[in-house]
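Visitor: dropping the sequence and predicted coords here.
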Amino acid sequence: MEPSHIRYFLAVAEEMNFTRAAEKLCIAQPPLSRQIQDLENELGTKLFIRSPHHMELTEAGELFLQYGARILELSEKSVEDIREMDNGLQGTIYFSNVEGHAPGLLAKWISEFQKDYPNVKYNLWNGNTDDILSRIKKGGSLS
């Protein structure tokens, strides 16, 4: 099973429409349909119930949706982890804190962490508890 089969399946399952999924994937619809058929043949079961104006996942399709998402997530995570091994830990850590002793403690921790992980960036934000909770509820961005 190719990772592209899983990506194609997930796109069709999300759109519940081959044409829209093909557009989203920037491929033609006939090859997408063929890839899904190949996947179904490999698995030995249908993943979709198709009718002229409706599409839905079969029980096997529902199960494969869960596995497929996890498989791709693990695949992407493995690539990320391997790259981090070569380049060291990278990314951005978001911090927020309320006034008090926390800013001084946080600065000390960042200073020590930065010595071991120079490729990590930091996004700091100070505010009151209500502001911090509001920003977290809006998607976690503190910037």
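Guide: Here it is on my side, so go on.
Visitor: show me where the protein has its helices.
Guide: 3-15, 18-25, 29-43, 59-87, 102-116, 129-137 (DSSP state H).
Visitor: what residues of the longest one count as buried?
Guide: Residues of helix 59-87 classed as buried by neighbour count (16 or more other C-beta atoms under 10 Å): G61, F64, L65, G68. Glycine gets a C-beta too; all of them are placed from N, C-alpha and C.
Visitor: now the angle from that helix to helix 3-15?
Guide: Helix 59-87 runs at 120 degrees relative to helix 3-15, counting by axes from the mean of the first three to the mean of the last three C-alpha atoms, to 10 degrees.
Visitor: state the mean pLDDT of helix 59-87.
Guide: In this model, helix 59-87 has a mean pLDDT of 88.
Visitor: also the third one?
Guide: If you average the pLDDT over helix 29-43, you get 95.
Visitor: so how far is it from its chain's centroid?
Guide: 24 Å (C-alpha atoms, centre = their mean, to the nearest Å).
Visitor: check which helices and strands it sits against.
Guide: For helix 29-43, the packing partners by 3 or more C-beta pairs under 8 Å, 6 or more residues apart in numbering; DSSP states H and E come out as helix 3-15, helix 18-25.
Visitor: name the helices or strands packed onto the longest one?
Guide: It refers to helix 3-15. Judged by 3+ C-beta pairs under 8 Å, 6+ apart, the packing partners of helix 3-15 are helix 18-25, helix 29-43, helix 59-87.
Visitor: to M1, which of those lies closest?
Guide: Proximity to M1, assessed across those by C-beta to C-beta, is greatest for helix 29-43 (6.0 Å).
Visitor: and the nearest residue to A28 once chain neighbours are set aside, how far from H54?
Guide: For A28, ignoring the flanking residues on the chain, the nearest one in space by C-beta to C-beta, 6 or more residues apart in numbering is A22 at 6.1 Å. Taking C-beta to C-beta, to the nearest Å as the measure, A22 falls 18 Å from H54.
Visitor: now do Y94
Guide: Y94 is 43 Å from H54, by C-beta to C-beta.
Visitor: thanks a lot, see you next time.
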